[in-house]
Structures are given as structure tokens and as C-alpha cells.
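1. just coords:
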């Protein structure tokens, strides 16, 4: 099916009450506009994004993430509104899907459904249990007859359950004929895309209603809408992953970024957060742990563990209240209460409780290299840059600021001093 896609993303989004363009507000790790682009790319090789408000910023964000996207800047001063946004847009194919950049829940299947058939216009229709502030759509003999804005509805017309979802598949000849004919003779002095429906009906062209899922076509206009869309997106992500074999304990308490991927037998306990382009393979993430843009294979984390970006864990155990950042651990045990940053630790090594890699001097970050079968005792500070070779033991409470050679024992402690009977002297009591 040869199909072009135009995504309208020119609006100011004032109801978001934010300096960030509405379409760049994130849902499950990506700007909402990116979710729309992803769905569009599944059905089309010709995608145009229409911009106006903060156009340069939005275009830069898109170009950093995608290739082959076309851009059109709306002449919003002369031609405001959704109809004005389509003026001058050039598309490649004979049919064009017109989408909204603030509809992040659109799916490939919903777009393919909307593009089926050969009607001059396919119009998306939702049928909610209770009609609300959308235009009512009058349908007769499986054809759209007209759209009535809610403010213009009679009490009887307000009972119509067919509502305009705001997405269309339009033939090229209809766009070429009707877009130039749009006018702004209305209360808002804007050019409305919906007016092409009335023109097409008047000219006896076929306007076909396509009943779509309300969830897929939800728009985001406020932070409340954003939160609701996030909830729907999270449910989709987790349901898909569970059907693919990921085990989740209390999935409603878990957050998973849309960019994360899972392979093999993975278990996520309650309260887990998976962020960024994390990749988990045969991993067990225990309760209330956070994983950020990391690779975890044949390993377990937590509970209450934090794995920060650019970390690689293989065949390792990272326990409660352990934070790992930009480090590679292979066959390592770090059971509790430690910070491991900018480090490489090899198989068979054990990191005791309270161990800290001191990787930052206030200006630069430095690496800690730990070899195989190294035992690092509790409450040890490893002052980077430092290398600990294979088969080393580091005594608890040590501060290591020099390289340690293979097979050595490293101890760094102040001498223990004992004052006999001090307690009794201090408190004036007899022993």
C-alpha cells in the first residue's frame, strides 16, 4: 500500500503550561511525537512533519533520532489552523494519512485500518460510552454526511455517539482540490481541515467512517492527558513483554522505558524501574531497583539497587543499596552498600560492604581496574586511578591509592591503640 503520512506538529500547546514544545514532552522515554513517527514509519516511506512553534528545536530533535523525515513550516500567520497547516505540503503517494503529533498512542494496526479501501476520505470515528466535547458525526448508509461541533448541537444531536477522532486518510486529488478552497470565515478565523469533509459530501464524494479504538486516538493537551497517555503506554509495553515471556511481580508498580529490550527468562519484581535503552538477558531485577541504559546478562540486581548508564553486568550479583555507574562487572559479587563507578572488575572478585571507588577529584573522572579473584574488604576506599591485579586481598577499612601487584595483601590502617580501664576512669566508676 503506497501511502504518504503528514504529521501536524505546529501548535503551541499552551495548555501544557511549559516552555517545552508539547510534542517533545516524553512518554515512556521518548517524545510523544516520536511515538507517532514510529507508527508512521511502519506504514509509509514518505513522512512529512508540519512545524511552526519552536520549529527549529523540534526539527533538530527529530533529525538527531531519525533519517529521511521531510519538514514543512506552516505559514501560521497567514494561514492558521489545521487546514492552514496542509497548505503547500507536498506528498509522494496518491493517498495521505493526516495525523496529529500529540497522539502518541497510534499504532501500526490502527493506521493500516484507517488506510484501507478506496474512499476519497476515510475519517476516524470513536464511539465512547458517553459522548463528550468532540464534534458529532452524522452517518447514513455507511457514509459521513456532516460534522456538528458540540457547541452547535441540539439536545438530540448531543446524543449522537459517533465522534470525530481527528485523523484522516485522504486521496491526493481531494487534497489538491479542496485545501486551496478552505477559508477562515469562522469565529476563530482559522482554516479548518474538517471543512474538506463538508466539501467532499457536497460534491458527492465518498467519505467513509472508520470506527477506531478510542485509546489509540487519544490526544494530549495537558499534563493530565500526558499522565493518562503514559499509563496506557505502560500497560501496552508491559502486556507485550509479559506475552513474550517476561515475568513481572505486581506489574502495575513497574515502569519500563519503551526503548528497553528483554531476552530469555527475565524477572522484574515490584517497584522496578527500567530506563533508557537498557537490554536485559536472563536477568533478575529485585524489588525497587532502578536500571538506566545498561546491559545486564545472567545477573541479579537489588533489592534497592541502582545501575546507572553505560554499565555492563555479566554473571554478577549486585545486591541491596549498591550503585554501579559506567562500569563493567564480569562474574562479580557486590552484595551491599557500595558505590562502583568508572570501573572494570573481573570474574571471581568480591566487593565487600561499604566499598567506594573514589573516581572523581572535582575536575576529572578516573578508572579503577580490578582483576580476577580479588577480595576487597568492607569499608575500603579505592582512590582512582588505581589498578588491583589478580589474586589480591585488601583488608577491611583500607584506603588504596597505589597499584597493588598480583597475589599481594594490602592493608592501610592506623595502629590500634587501647587504653585500659578508660571507661571507668571517664565515668568515675569502679571496674
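-> Looks like it came in fine. Everything numeric in this text was worked out from a predicted model, so none of it was measured. Numbers count the residues shown, from 1 in each chain.
2. wait, residue 400 sits on residue 384?
-> No: under the criterion of C-beta atoms under 8 Å, residue 400 makes no contact with residue 384, lying 9.8 Å away. C-betas here are computed from N, CA, C, even on glycine.
3. any weak-confidence spans in the stretch 301-431 of the chain?
-> Counting by pLDDT under 70, the stretch 301-431 of the chain has low-confidence residues at 431.
4. for it, just list every one of the helices.
-> The residue ranges that make up the helices of the stretch 301-431 of the chain, judged by DSSP state H, counting those that start in this stretch, are 422-427.
5. quick check: phi and psi on residue 76?
-> With angles defined as degrees, to the nearest 10, residue 76 shows backbone torsions of phi -70, psi -20.
6. from residue 200, how far off is the residue nearest to residue 138 when sequence neighbours are not counted?
-> When the adjacent residues along the chain are set aside, residue 138 lies closest to residue 145, with 4.4 Å between them (C-beta to C-beta, 6 or more residues apart in numbering). As judged by C-beta to C-beta, to the nearest Å, residue 145 and residue 200 stand 11 Å apart.
7. do the same with residue 414
-> Counting by C-beta to C-beta, the gap from residue 414 to residue 200 is 87 Å.
8. so between these two, which is more surrounded?
-> Set side by side, residue 414 and residue 200 give different neighbour counts by other C-beta atoms under 10 Å, the larger being at residue 200 (22 against 6).
9. show me what the mean pLDDT comes to for whatever helix or strand that one lives in.
-> Counting by DSSP states H and E, the element that carries residue 200 is helix 195-202. Model confidence over helix 195-202, given as mean pLDDT, is 94.
10. and stretch 137-157, by the same measure?
-> Rounded mean pLDDT across stretch 137-157 is 86.
11. find the nearest non-adjacent residue to residue 2, please.
-> Distances taken as C-beta to C-beta, 6+ apart put residue 93 closest to residue 2, at 4.2 Å, once the chain neighbours are dropped.
12. no no, residue 26
-> residue 32 (7.2 Å).
13. and for residue 96?
-> Leaving aside its sequence neighbours, residue 96 sits nearest to residue 4 (C-beta to C-beta, 6+ apart; 4.4 Å).
14. care to break the chain down by domain?
-> 4-217, 223-410 (automatic domain parsing).
15. and the ones you listed as JSON lines, adding distance to residue 418?
-> Converted to JSON lines, the domains of the chain look like this (distance: least, C-beta to C-beta, whole Å):
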{"stretch": "domain 4-217", "distance to residue 418": "57"}
{"stretch": "domain 223-410", "distance to residue 418": "17"}
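16. of the ones you listed, which is nearest residue 427?
-> Distances from residue 427 to each of the domains of the chain were compared using C-beta to C-beta; the shortest belongs to domain 223-410, at 28.0 Å.
17. can you give me the end-to-end span of that closest one?
-> 56 Å (C-alpha to C-alpha, to the nearest Å).
18. now stretch 73-82
-> With C-alpha to C-alpha as the measure, what separates the two termini of stretch 73-82 is 13 Å.
19. quick one, strands of the stretch 151-300 of the chain?
-> Secondary structure of the stretch 151-300 of the chain (DSSP state E, counting those that start in this stretch): strands located at 163-171, 207-211, 247-248, 255-256, 261-263, 267-268, 273-275, 279-281, 284-285, 290-292, 295-297, 300-301.
20. please name every helix or strand in contact with the fifth one.
-> Counting contacts by 3 or more C-beta pairs under 8 Å, 6 or more residues apart in numbering; DSSP states H and E, the secondary-structure elements packed against strand 261-263 are strand 279-281.
21. go through the helix holding residue 200 and flag the buried ones.
-> Neighbour-count burial for helix 195-202, counted by 16 or more other C-beta atoms under 10 Å, picks out 195-201.
22. same deal with stretch 377-394?
-> Neighbour counts using 16+ other C-beta under 10 Å place 377-380, 382-389, 391-394 of stretch 377-394 among the buried residues.
23. which of these sits closest to residue 300?
-> Using C-beta to C-beta, residue 378 is the member of the buried residues of stretch 377-394 that lies nearest residue 300, at 20.7 Å.
24. pretty sure that closest one contacts residue 397?
-> Yes: A contact is recorded between residue 378 and residue 397 when judged using C-beta under 8 Å, the distance being 7.4 Å.
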